[in-house]
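*Asks:* Could you look at this predicted model? Sequence included:
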Amino acid sequence: MRIIAFSDSHRHAQRVRKLFEETYLTTDLYICLGDTQGDLDGIAQLYPDKRIMSVAGNCDRIGDPLVGCVEAVGKKIVFCHGHFQQVGYGLSGLISLAKTNGADLVLYGHTHERRCDYIDGVYYINPGSLGQPRDGYGPSYAAIDIIPAGILCTHAELE
């Protein structure tokens with residue numbers, strides 16, 4: 001199963017559309033990690049056969065949940081924007097969230113910097129930012145493959 005996680009597009013709707021155009025043939029689930037401010041508007045109509053899940057970020061309108069959970073190929077995935085878990089100061093809030101929910105994988109955004117950490121059997125993945133990257137690289141997302149052997153993560157730049 002292929003999951004595309006993305007975050008922090010900050011009114012770069014054309015980049016969200018480009019991400020879907022480039023990845024929809026190989027993607028089973030899209031997870032938006034917040035701060036998209038309407039950048040997903042119309043995407044579900046363009047890709048009605050794709051499952052799209054999202055959470056609210058600190059710059060979004062109220063409406064989306066703050067934390068989401070989904071199971072995929074026997075793995076529990078928890079996702080959030082990360083501002084309430086104070087990810088700018090470390091991963092302790094996410095580690096607590098993972099333990100509370102029995103997660104195998106935690107996805108988060110907010111820092112605009114791509115990361116992949118593996119701590120005590122749990123993956124913590126930040127896809128970076130589609131709109132305003134702060135890690136010295138271009139706009140990015142994460143492609144996560146869940147296979148019988150485990151979880152594989154690749155960070156990719158939007159072409």
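*Replies:* Good, I have the coordinates.

*Asks:* The spatially closest residue to residue 24 that is not a sequence neighbour: neighbouring residues, count only.
*Replies:* Nearest non-adjacent residue to residue 24, counting by C-beta to C-beta, 6 or more residues apart in numbering: residue 47, 5.7 Å away. C-beta: built from backbone N, CA, C; applies to glycine. Using other C-beta atoms under 10 Å, residue 47 has 16 neighbouring residues.

*Asks:* Correct me if wrong: residue 47 contacts residue 20.
*Replies:* Yes. With contact defined as C-beta atoms under 8 Å, residue 47 reaches residue 20; the gap is 5.9 Å.

*Asks:* For residue 137, give me its contacts.
*Replies:* Shown in contact with residue 137 (C-beta atoms under 8 Å, 6 or more residues apart in numbering): 114, 128, 157.

*Asks:* Could you report the distance from the last one to residue 17?
*Replies:* For residue 157, the distance to residue 17 under the criterion C-beta to C-beta, to the nearest Å works out to 16 Å.

*Asks:* In terms of neighbours, single out the busier of these two.
*Replies:* residue 17 (16 against 13).

*Asks:* Tabulate the CA atom coordinates of the strand or helix carrying the more buried one in PDB.
*Replies:* Using DSSP states H and E, residue 17 sits in helix 13-23. Extracted C-alpha coordinates of helix 13-23, given in PDB (Å, rounded to 0.1, in the frame of the first residue of the first chain):
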ATOM      1  CA  ALA A  13      -2.900  25.100  -4.300                       C
ATOM      2  CA  GLN A  14      -1.100  24.500  -7.700                       C
ATOM      3  CA  ARG A  15       1.500  22.400  -5.900                       C
ATOM      4  CA  VAL A  16      -1.100  20.300  -4.200                       C
ATOM      5  CA  ARG A  17      -2.700  19.700  -7.600                       C
ATOM      6  CA  LYS A  18       0.700  18.900  -9.100                       C
ATOM      7  CA  LEU A  19       1.300  16.400  -6.300                       C
ATOM      8  CA  PHE A  20      -1.900  14.600  -7.100                       C
ATOM      9  CA  GLU A  21      -1.200  14.700 -10.900                       C
ATOM     10  CA  GLU A  22       2.200  13.100 -10.400                       C
ATOM     11  CA  THR A  23       1.300  10.500  -7.900                       C
END
